[in-house]
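*Asks:* from the sequence below, what's the structure:
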Amino acid sequence: MAKPRIFISSTFFDLRQVRADLERFIKEMGYESVRNETGSIPYGKDSKLEEYCYREISGIDILVGIIGGRFGSESQKDNYSVTQAEIKTALEQNKNVYLFIDKNVHSEYETYLINKKSKDIQYRYADDIRIYQFIEELYALPKNNVIFSFETVQDIIQFLREQWAGLLKDLLNQEQKRKEVESLSNKVNELNEVASTLQRYLENVLESVNKDSSVELIKQENKRLKEYHKSQQIRRLTYIDHLIDSHDLTLNEIVDTIKNSESLSQIKNKLNEQSELRNGDEDGSYNCMFEFESLQDINLAREILEMPPIELTEEEKEQIENRADIDTMLKRKFDIERKKLSPTMYKRNSGRSSNKQSN
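*Replies:* Residues are numbered from 1 along each chain as shown. Next up, the predicted model:
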């Protein structure tokens, strides 16, 4: 069974015992510890040793970074130490990173922040100012910078034990939610199948009882279902949603108005009358309709209803933003949105257009 691989990154000589104790804890948890002094990292002859450490990070799950008072070996990467470069590599690869800073170093970091412009100051707990510069860089990260100060290795172990228990809990919750969603999806599919079966059953029963009247009833119900599906498509359009939420209109009112109007101004006036009767809104409350995005959604609604797009009058065109080349823009953007909304419908209508041209 695959085990989580935990990379321990720190300077070696000053934190040797901390590294050994951490490895023991990691193995007790049933995980795999990765640290260079135990041969966990395969080295070759073609690159510098530190490069193999950076490559190994791509195959780990978690990096535990420990920052003490020693800078350690210089890296080939931009004035960082090898340990700092390892931590940066893990962060760049979006690994789970836990950072631990020696308590004394962490306390003196506050002194560094106050005096960082001074070149003459000597720090007691850090042998190189680049340690504090790197800590400052870590704190500035927008995410994945869990930083904890420690006094003993037991502080680190206790923190990691709680964090990893939390990760397991989150994983179990996600798995439970996934199963619930999967179960709900299966139930919906079952209901759809039951509904289809009931529909076929009722159609057969009705046809056997009174064929003429049942055929008409089935046609009416199919038409009603078709209209319902069209309405739900229209409901998903951004401007239609805005009319319902912000102007207190019903979906049926909007659909009926679009069906029975021949111009944008006519749609505006009819909807305005609906709001005025209900809420006493003043005329002009639908100026939002004279925006390109609004017109686009209205024409998409008409497309769903199998109606031609609204033809704008010159006066209406002048009210809409981006007046220049509006007809070209309307056709291009309308076609793009129509493809997104209903690819099948678009292909069918495109086929009709090409047939007309060929005739």
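*Asks:* how does this protein divide up, domain by domain?
*Replies:* Following automatic domain parsing, one finds the domains of the chain at 5-151, 218-345.
*Asks:* what's the most buried one of the ones you listed?
*Replies:* Mean neighbour count, computed with mean count of other Cβ atoms under 10 Å, is highest for domain 5-151 among those, reaching a mean of 17. To be clear about C-beta, it is placed using only N, CA and C from the backbone, and glycine gets the same treatment.
*Asks:* run the chain-centre distance for that one.
*Replies:* Centroid displacement of domain 5-151 relative to its chain, using Cα atoms, centre = their mean, to the nearest Å, is 31 Å.
*Asks:* sorry, back to before: I'd like the domains of the chain as CSV, with distance to Val181 and mean pLDDT appended.
*Replies:* Formatted as CSV, the domains of the chain follow (distance: least, Cβ to Cβ, whole Å; pLDDT from 0 to 100):
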stretch, distance to Val181, mean pLDDT
domain 5-151, 25, 90
domain 218-345, 21, 74
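*Asks:* okay if I get those as a markdown table plus distance to Arg161?
*Replies:* Output for the domains of the chain, formatted as a markdown table (distance: least, Cβ to Cβ, whole Å):
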| stretch | distance to Arg161 |
| --- | --- |
| domain 5-151 | 8 |
| domain 218-345 | 48 |
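*Asks:* double-check Arg235 against Leu251; I have them as touching.
*Replies:* Yes. The criterion here is Cβ atoms under 8 Å, and Arg235 meets it with Leu251 at 5.6 Å.
*Asks:* which neighbours do these two share?
*Replies:* Ile244 (Cβ atoms under 8 Å, 6 or more residues apart in numbering).
*Asks:* which strands and helices sit next to the helix or strand harbouring Ala195?
*Replies:* Here Ala195 sits within helix 153-209, counting by DSSP states H and E. Under the contact definition 3 or more Cβ pairs under 8 Å, 6 or more residues apart in numbering; DSSP states H and E, helix 153-209 sits against helix 16-28, strand 62-67, strand 96-102, strand 146-150, helix 211-235.
*Asks:* which helices and strands sit right next to the fourth one?
*Replies:* In this case it means strand 146-150. Against strand 146-150 (3+ Cβ pairs under 8 Å, 6+ apart) you get strand 96-102, helix 103-115, helix 129-139, helix 153-209.
*Asks:* how much does it deviate in direction from strand 62-67?
*Replies:* Put simply, strand 146-150 runs at 50 degrees to strand 62-67, going by axes from the mean of the first three to the mean of the last three Cα atoms, to 10 degrees.
*Asks:* pull the residues that contact strand 146-150.
*Replies:* Applying Cβ under 8 Å, 6+ apart, the contact partners of strand 146-150 are 97-103, 106-107, 135, 138-139, 155-156, 159, 163.
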